[in-house]
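A.B. asks: Need a 3D model of the following:
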Amino acid sequence: MPSLIDLRRRIRSVKNTQQITKAMKMVAAAKLRRAQERVMAARPYSEIYSQMLADVAGAAATAGADVSHPLLAVREEKRILLILVTSDRGLAGAFNSNLTKAAQVFLAENNGADFQIEAIGRKGRDFFFRREMKLSGEHLGVVDKARFADAAAIARKITAMYENDEIDAVYLIYNEFKSVIAQKLMQVKLLPVAVAGSEEPKDYIYEQAPAQLLGTLLPKYVETGIYRAMLESAASEHAARMTAMDAASTNAADVIEGLTLHLNRVRQASITKEIIEIVSGAAALG
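C.D. replies: Residues are numbered from 1 along each chain as shown. Coordinates of the predicted model:
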């Protein structure tokens, strides 16, 4: 049975841990608010951009123009590049493990293909590095800041690889932010770009030919897709960490309560034992 000193040390240690988890929850909540605002601002732009791309493709097809572009070229998927967006830090519950499991499932489903991993985030990089997977690149410390310049640099590298026929397809796996307690695992095919003509195309006035404009919009579409994934992942990470730290604080409170109860029982038993020894000694002397 642990002594009173040991129990007091354990209670003090758990209280210190609880203070840390409460502080981390508050920091995650503050960061989540800013990240959530950025996600909500980026979603309409991304959706309208996709709609505009479809409208331009429809206008080009209606005009009978050649809409061929290297980023639209469909090839047999023998060489696949997987962009995995994870976090740089842990203590976020199952946030990173769900992503790496989804990546492993995707690799198993396409077992015959030659894979490369473009790791955005330290956790994904470390996971596949330990398993000796081929990494085409790693980008650390960019998810939390989620700057468009970083996303554009990654997109330029990916599109250059695709245009040079080094890869046949690009897939993107990330967590989409839904709420504080829910994140949706997303698997998106980024390249080749699937452009379907809009059923009701907008009546735009084009200064450039639609086919020429489409060639300008396609690389931007890839940049926007990666940037949105980074924003969604950043918000999801803060939400997952906030939830995990709240659960840890609650568990610490339960542990403290149990240890305090046990401490009181041990102390009461010790006092009772001492009283019995005093009474027995007094009776023996009498």
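A.B. asks: and the residue nearest to the spatial centre of the chain, what is it in contact with?
C.D. replies: Per C-alpha atoms, centre = their mean, the C-alpha nearest to the average position across the chain is that of residue 233, at 3.9 Å. Applying C-beta atoms under 8 Å, 6 or more residues apart in numbering, we find residue 233 in contact with 85-87, 120-121, 143, 146, 174-175. Backbone N, C-alpha and C define where each C-beta goes, glycine included.
A.B. asks: What's the local residue count around residue 266?
C.D. replies: Around residue 266 there are 16 other residues, counting by other C-beta atoms under 10 Å.
A.B. asks: Got the confidence number for it?
C.D. replies: We have a pLDDT of 79 for residue 266.
A.B. asks: now it, nearest residue through space, not along the chain?
C.D. replies: Nearest non-adjacent residue to residue 266, counting by C-beta to C-beta, 6 or more residues apart in numbering: residue 4, 6.1 Å away.
A.B. asks: what's the neighbour count on the one you found?
C.D. replies: Using other C-beta under 10 Å, residue 4 has 11 other residues around it.
A.B. asks: So residue 75, which state does it fall into?
C.D. replies: The local conformation at residue 75, judged by DSSP: H, G, I helix; E, B strand; the rest coil, is coil.
A.B. asks: How about residue 16?
C.D. replies: Assignment for residue 16 (three-state DSSP): helix.
A.B. asks: Please determine how far the residue nearest to the centre of the chain is located from residue 185.
C.D. replies: 11 Å (C-beta to C-beta, to the nearest Å).
A.B. asks: anything in contact with each of the two?
C.D. replies: Shared contacts of residue 233 and residue 185 (C-beta under 8 Å, 6+ apart): residue 175.
A.B. asks: and residue 261, that's in a helix?
C.D. replies: Yes. The assignment for residue 261 by three-state DSSP puts it in a helix.
A.B. asks: how many other residues sit next to it?
C.D. replies: The local packing of residue 261 (other C-beta under 10 Å) involves 10 other residues.
A.B. asks: Next one: it relative to residue 7, how far apart?
C.D. replies: Per C-beta to C-beta, residue 261 is found 10 Å from residue 7.
A.B. asks: follow-up on the earlier one: is the residue nearest to residue 266 in contact with residue 270, as I believe?
C.D. replies: Yes. Assessed by C-beta atoms under 8 Å, residue 4 is found in contact with residue 270 at 7.1 Å.
A.B. asks: ok, back up a step: please state the backbone phi and psi of the residue nearest to the centre of the chain?
C.D. replies: Dihedral angles of residue 233 (phi, psi; degrees, to the nearest 10) stand at phi -70, psi -40.
A.B. asks: can you check residue 147 too?
C.D. replies: Residue 147 adopts backbone torsions of phi -100, psi 140, taken as degrees, to the nearest 10.
A.B. asks: Counting by contacts, list what the one helix or strand residue 28 maps to packs against.
C.D. replies: Assessed by DSSP states H and E, residue 28 sits inside helix 4-62. Judged by 3 or more C-beta pairs under 8 Å, 6 or more residues apart in numbering; DSSP states H and E, helix 4-62 is in contact with strand 169-179, helix 210-285.
A.B. asks: Any stretches of the stretch 151-286 of the chain with poor pLDDT?
C.D. replies: Low-confidence segments of the stretch 151-286 of the chain (pLDDT under 70): 196-206, 282, 286.
A.B. asks: same check, this time on the stretch 1-150 of the chain
C.D. replies: Across the stretch 1-150 of the chain, the ranges flagged by pLDDT under 70 are 1-2, 60-67.
A.B. asks: So residue 92: helix, strand or coil?
C.D. replies: What three-state DSSP gives for residue 92 is coil.
A.B. asks: That one - how many residues pack around it?
C.D. replies: 22.
A.B. asks: isn't it right up against residue 237?
C.D. replies: Yes. Between residue 92 and residue 237 there is a contact under C-beta under 8 Å: 5.6 Å.
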